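K.L.:
got a predicted structure here, sequence first:
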Amino acid sequence: MSIKKNGDELGKKKAAKSAISQIEDGMKVGLGTGSTVAEFVKLLSKEIKSRNLDIRAVCTSYQTKNLAIDNEIPIISYNETKSLDIGVDGADLVDENLNLLKGGGAAHLREKIMAKMTKKYSIIVDETKLCEKINEPIPIEVIPSAKNLVEKNLEELGGKPILREAEKKDGPVITDNGNFVLDCSFENLEKDKRDLEQLAKKIKETTGIVEHGLFIDLADEVHIGNKEKCYIKK
Ligand code: 5RP
């Protein structure tokens, strides 16, 4: 079962609008993936045109890349730069400590690379994404030939991994990197930050796992939109 929620469309727009004010001429901008980022991409395109800005964008998925191309945003690849000025990304869940759960769109590997390359990682979400503690299944990107090994190791850690199926039910979801996604629930996932950290570390140790969707201590700020307004948590 995927963790993806539809959320609140107006809240998404308000969060995207709030984040756009950070964009300055000459910036290299990381663009996340998802419907909230899609709102940001459209606004960014308008901003570039109206203010005649020189912006270069790194895209975290083919979905975002296609949208950026359609909106005439200049794109560079990851390896054309060593750092980014700002990365703007969505999230599936944001906890009280601004830890994130990501990967509902299966783009969390490239999103995490982007998050680690950027000077400022700015998250945009609608208010439905806020939670006290992260206790939804964790998306885990896995090398296809390691699926059974990873499933076994995750079960030994107390997890219940489920292979993510394509919406048309014609096979597993394949990420932009050619891998599978396992959505793995863990009973008794504690709110305590160290436990999340420990779990993240243990998951990462398993051979065949490329990346998981826990983003701990990576977000610098979160723009949270609802029907009336947007507020920022840092
Ligand atoms: C993709 C992600 C997205 O940021 C997350 O799924 C949020 O998407 P949306 O803005 O559509 O709710 O992590 O891997």
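P.N.:
Okay, I see it. Numbering: from 1, shown residues only.

K.L.:
what comes up buried for the worst-scoring helix or strand of the chain on mean pLDDT?
P.N.:
When each helix and strand of the chain is scored by mean pLDDT, DSSP states H and E, helix 193-205 comes last, with a mean of 86. For helix 193-205, burial by neighbour count (16 or more other CB atoms under 10 Å) applies to 196, 199, 200, 203. C-betas here are computed from N, CA, C, even on glycine.

K.L.:
so the first one makes contact with residue 213?
P.N.:
No. Between residue 196 and residue 213 there is no contact, the gap being 11.8 Å when judged by CB atoms under 8 Å.

K.L.:
hey, what's the nearest residue to residue 8 once chain neighbours are set aside bridged with?
P.N.:
Nearest residue to residue 8, sequence neighbours excluded (CB to CB, 6 or more residues apart in numbering): residue 126, at 4.2 Å. Beta bridges link residue 126 to residue 225, judged by DSSP bridges.

K.L.:
got a list of what the residue nearest the centre of the chain touches?
P.N.:
Compute the mean C-alpha point of the chain, and by CA atoms, centre = their mean the closest residue is residue 102, 4.4 Å away. Taking CB atoms under 8 Å, 6 or more residues apart in numbering, we find residue 102 in contact with 89, 90, 91, 92, 108, 111, 112, 139, 213, 215.

K.L.:
just give me the neighbour total for the last one.
P.N.:
For residue 215, the count of nearby residues is 26 (other CB atoms under 10 Å).

K.L.:
from memory it sits against residue 92, does it?
P.N.:
No. Using CB under 8 Å, residue 215 makes no contact with residue 92, being 10.1 Å away.

K.L.:
hang on, the earlier thing: narrow the contacts of residue 102 to those in helices?
P.N.:
Counting by DSSP state H, the part of the contacts of residue 102 found in helices is 108, 111, 112.

K.L.:
would you mind writing the CA trace of the strand or helix carrying residue 57 as PDB?
P.N.:
Per DSSP states H and E: residue 57 is located in strand 56-59. Taking C-alpha atoms only, strand 56-59 is exported to PDB below (Å, rounded to 0.1, in the frame of the first residue of the first chain):
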ATOM      1  CA  ARG A  56      19.200  26.500 -13.700                       C
ATOM      2  CA  ALA A  57      17.200  23.600 -12.300                       C
ATOM      3  CA  VAL A  58      18.100  20.100 -11.400                       C
ATOM      4  CA  CYS A  59      15.100  17.700 -11.600                       C
END
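
K.L.:
okay then, goodbye and thanks.
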